[in-house]
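Asks: after the sequence you'll find the predicted model.
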Amino acid sequence: MKDKSSNAVFDWNVTGASLCYLGFESIGYFLLTLGWELLPFHKLTPVGIKQYWRSIMNPQHDTHDLEPLLKSPSETVALNFDEDIDVQTERNRVLAGSIDNAIIYLRKLRKVYPGEKHRTKVAVCSLTFSVQAGECFGFLGTNGAGKTTTLSMLTGEESPTDGSAFIFGKDMRSNPKAARRHIGYCPQFDALLEFLTVQEHLELYARIKGVADYRIDDVVMEKLLEFDLLKHANKPSFTLSGGNKRKLSVAIAMIGDPPIVILDEPSTGMDPIAKRFMWEVISRLSTRQGKTAVILTTHSMNEAQALCTRIGIMVGGRLRCIGSPQHLKTRFGNHLELEIKPTEVSSVDLKNLCQTIQSRLFDIPSHPRSLLDDIEVCIGRIDSITSENASVMEISLSQEMIILIGRWLGNEERVKRLVSSTPISDGVFGEQLSEQLVRDGGIPLPIFSEWWLAIEKFSAIDSFILSSFPGTAFQGFNGLSVKYQLPYSENLSLADVFGVIERNRKQLGIAEYSISQSTLETIFNHFAASS
Ligand SMILES: Nc1ncnc2c1ncn2[C@@H]1O[C@H](COP(=O)(O)OP(=O)(O)OP(=O)(O)O)[C@@H](O)[C@H]1O
């Protein structure tokens, strides 16, 4: 007979209660996840709540449908006060609706983040511009200028506090999904699934973007080849190097040939060859095919110069200038950049200087012992040392000898910097010599002589340039050449500079030189410094 006290498996007090609990819990968590995904929790910020409250109190003024207005009077004043004329023209053009070919346009786009201690952070301030088909728009700016925030609003990742972005005439705020369909986005940080291989990533995104089944293999292969990823096709993404992860992210953004490609610092971590590859792909997309609008943020001025047909520079959330690279250089470049590479130190000069120093070293009546002791230490086991048996290559100069030589050669100050405890950076190789002096206790005579002659050449060029072109600013050495900024004015044309340098080229020992307009980098630095 069955024992009445024994319970069946699904009885309430056996597993029934737990199963019911699990069932309710799974429904609860499912609804919570759904709510988290779909409800605008991101608007639960002080700014968002304030806006919502304002829209309830003043229903006529719904910022979603109406043209957003700047709320802060000080901001309006600031905008009108010093907004660049090109930025103003672009703003007026977009606001007036003269945006015939524009695929993307931003109208008074603004983003305010809640900051610490109830203060807010205006990340993007009333941004207005348009980007056309076939254009590669370079979005440059200092760190924290608001570039990524703007791109996030363009892709619908962030919602604007005010204003709106329009993609093919569709408002990102009211119809983000429809607008997003046209966009390929490569975010600043690779959003990859670590255990999917490169090929699987491309297949996954090809499916997500609606590439027809029969075309997926071709599209994946095309991207693998285009970005030189074929040899990594079967590697999981977490094993890829930073540069290859970046290539994959850019490849994903370009799958399905979207008419808008947004690339946030795409070349970060890529080697120069990979960069060239990617530049080729981007320029093919925008300028050559002429159908795609590319928005690109980068900190590389070379990249901006190579790819962008138009550039906007952002500082502190505001657009400070806009125009083609050439236009920006012409408008804001008030300098000429001069780069000079001196000829190498000649072997005859080197030999002569070594011999002069050597013969003087062995002809010092006042300090004979200590200096010769130094030479003995440096060249090893030679019983007695004379000027005949010490070869130039073997002589190593101690600190004391270097100071003495500097005095003989008429510039003690120069060598004092070499022997000082803080290594000098003189653009030649003084820093390495200082280190060698500390490490080995001496510097070989020929190396010292070469340094001396190289510095002599740089100094002669330096004093000539500074005296010939008043107002010139020294920009720095890069080891082989020296750079200057010459003031560009009506009194000093390119022809004048060429004339002066050509006439003195031989005498100064100039191997090569170049004179150019201000680079994008100088213009960028100018805006960055004024922030
Ligand atoms: N979620 C956030 N909450 C609060 N402040 C933020 C948030 N995201 C960005 N910011 C702030 O907004 C400003 C703009 O940031 P953004 O990331 O857009 O700059 P960026 O121009 O892309 O900089 P970078 O060149 O360094 O990538 C910064 O001051 C940043 O601190």
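Replies: Yep, that arrived.
Asks: pull out the buried positions in stretch 434-451.
Replies: Neighbour counts over stretch 434-451 (16 or more other C-beta atoms under 10 Å) mark 434, 436-437, 442-451 as buried. Placement of C-beta: from N, CA and C, glycine included.
Asks: next one: stretch 345-356
Replies: Those would be Val345, Leu350, Leu353, Cys354, for stretch 345-356 by 16+ other C-beta under 10 Å.
Asks: next one: Ala212 from the ligand, what distance?
Replies: 36 Å (C-beta to the nearest ligand atom, to the nearest Å).
Asks: who are the neighbours in contact with the closest residue to the ligand within the stretch 401-531 of the chain?
Replies: Going by C-beta to the nearest ligand atom, the ligand is nearest to Ala528 of the stretch 401-531 of the chain, at 11.2 Å. Residues counted as contacts of Ala528 (C-beta atoms under 8 Å, 6 or more residues apart in numbering) are Thr142, Val315.
Asks: now with 10 Å?
Replies: For Ala528, the contact set (C-beta atoms under 10 Å, 6 or more residues apart in numbering) comprises Leu140, Gly141, Thr142, Asn143, Ala145, Ile313, Val315, Arg320.
Asks: give me the buried subset of the residues you listed.
Replies: Here, 16+ other C-beta under 10 Å leaves Leu140, Gly141, Thr142, Ala145, Ile313, Val315, Arg320 buried among the contacts of Ala528.
Asks: need those residues in TSV (columns: secondary structure and distance to the ligand).
Replies: Supplementary listing: the buried ones among the contacts of Ala528 in TSV, determined by DSSP: H, G, I helix; E, B strand; the rest coil; distance: C-beta to the nearest ligand atom, whole Å:
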residue	secondary structure	distance to the ligand
Leu140	strand	9
Gly141	strand	5
Thr142	coil	7
Ala145	coil	4
Ile313	strand	11
Val315	strand	9
Arg320	strand	13
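Asks: and which of these is nearest to Pro160?
Replies: Pro160 has its nearest neighbour among the buried ones among the contacts of Ala528 in Ala145, at 16.6 Å by C-beta to C-beta.
Asks: on that earlier part again, and the furthest pair within the contacts of Ala528?
Replies: Asn143 and Arg320 (15.0 Å).
Asks: buried ones in stretch 197-210, by neighbour count?
Replies: Neighbour-count burial for stretch 197-210 flags Thr197, Val198, Gln199, Glu200, His201, Leu202, Glu203, Leu204, Tyr205, Ala206 (criterion: 16+ other C-beta under 10 Å).
Asks: ignore what I typed, I meant stretch 137-153.
Replies: Neighbour-count burial for stretch 137-153 flags 137-142, 145-153 (criterion: 16+ other C-beta under 10 Å).
Asks: I'd like the average pLDDT over that stretch.
Replies: The average pLDDT within stretch 137-153 is 90.
Asks: so which helix or strand takes in the residue nearest to Gly163 when sequence neighbours are not counted?
Replies: What sits nearest to Gly163 in space, not counting adjacent residues and going by C-beta to C-beta, 6 or more residues apart in numbering, is Lys108, at 3.7 Å. Per DSSP states H and E, Lys108 falls inside strand 102-114.
Asks: re earlier: number of nearby residues for the residue nearest to Gly163?
Replies: Neighbour count for Lys108, taken as other C-beta atoms under 10 Å: 20.
Asks: look up how far Arg320 lies from Glu194.
Replies: Distance from Glu194 to Arg320, counting by C-beta to C-beta, to the nearest Å: 39 Å.
Asks: if we can go back for a sec, tell me the one of the buried ones among the contacts of Ala528 nearest Ser468?
Replies: Of all the buried ones among the contacts of Ala528, Ile313 has the smallest distance to Ser468: 32.8 Å, by C-beta to C-beta.
Asks: you'd agree the closest one is up against Leu319?
Replies: Yes: with contact defined as C-beta atoms under 10 Å, Ile313 counts as touching Leu319 (7.3 Å).
Asks: quick check: neighbours shared by the two?
Replies: Jointly contacting Ile313 and Leu319 under the rule C-beta under 10 Å, 6+ apart are Asp84, Val87, Phe139, Gly141, Ala145.
Asks: within range of the ligand, give me the residues from the protein.
Replies: Counting by C-beta under 6 Å from any ligand atom, the residues of the chain lying close to the ligand are Tyr113, Lys121, Ala123, Gly141, Asn143, Gly144, Ala145, Gly146, Lys147, Thr148, Thr149, Gln188.
Asks: quick check: the fourth one touching Glu265?
Replies: No: applying C-beta under 10 Å, one finds Gly141 not in contact with Glu265, separated by 11.2 Å.
Asks: quick one: common contacting residues for the two?
Replies: Shared contacts of Gly141 and Glu265 (C-beta under 10 Å, 6+ apart): Lys147, Thr148, Thr297, Thr298, His299.
Asks: what's opposite the third one in the beta bridge?
Replies: Meaning Thr297. Judged by DSSP bridges, the bridge partners of Thr297 are Phe139, Asp264.
Asks: and for it, the neighbour number?
Replies: 22.
Asks: the fourth one now?
Replies: Residues near Thr298, counting by other C-beta under 10 Å, number 22.
Asks: low pLDDT regions in the stretch 351-500 of the chain?
Replies: 363-394, 421-428, 490 (pLDDT under 70).
Asks: show me the strands in it, by range?
Replies: Along the stretch 351-500 of the chain, counting by DSSP state E, counting those that start in this stretch, strands occupy 396-397, 443-444, 473-477, 482-487.
Asks: find the one among those strands with the highest mean neighbour count.
Replies: strand 396-397 (a mean of 24; mean count of other C-beta atoms under 10 Å).
Asks: quick one: strands adjacent to that one?
Replies: The sheet places strand 396-397 alongside strand 443-444 (antiparallel), with pairing taken from DSSP bridges.
Asks: just flag the most distant two among the residues of the chain next to the ligand.
Replies: So, the residues of the chain next to the ligand by C-beta to C-beta: farthest apart are Lys121 and Gln188, at 18.3 Å.
Asks: name the nearest residue to the spatially most central residue of the chain, sequence neighbours excluded.
Replies: In the chain, the centroid-proximal residue (C-alpha atoms, centre = their mean) is His299; its distance is 2.1 Å. Nearest residue to His299, sequence neighbours excluded (C-beta to C-beta, 6+ apart): Glu265, at 6.8 Å.
Asks: pLDDT score for that neighbour?
Replies: For Glu265, the pLDDT comes out at 89.
Asks: so it touches Thr298, yeah?
Replies: Yes: counting by C-beta under 10 Å, Thr298 is a contact partner of Glu265 at 5.9 Å.
Asks: which neighbours do the two have in common?
Replies: Common contacts of Glu265 and Thr298, defined by C-beta under 10 Å, 6+ apart, comprise Lys147.
Asks: and the helix or strand that contains Ala251, what does it pack against?
Replies: Using DSSP H and E, Ala251 sits within helix 242-254. Under the contact criterion of 3 or more C-beta pairs under 10 Å, 6 or more residues apart in numbering; DSSP states H and E, helix 242-254 touches strand 183-186, helix 198-208, helix 213-226, strand 260-264, helix 272-283.
Asks: what's the least confident stretch among the ones you listed?
Replies: Per-stretch mean pLDDT for the helices and strands packed on helix 242-254 is lowest at helix 272-283 (a mean of 84).
Asks: could you give the separation of that one from the chain centroid?
Replies: On the basis of C-alpha atoms, centre = their mean, to the nearest Å, helix 272-283 sits 16 Å off its chain's mean C-alpha point.
Asks: other SSEs contacting that helix?
Replies: Packed next to helix 272-283, using 3+ C-beta pairs under 10 Å, 6+ apart, are helix 213-226, helix 242-254, strand 260-264, strand 293-297, helix 301-307.
Asks: mean confidence for the host helix or strand of Tyr52?
Replies: According to DSSP H and E, Tyr52 maps onto helix 46-57. Throughout helix 46-57, pLDDT has a mean value of 69.
Asks: ok, stretch 295-313 next?
Replies: Here the average pLDDT along stretch 295-313 is 90.
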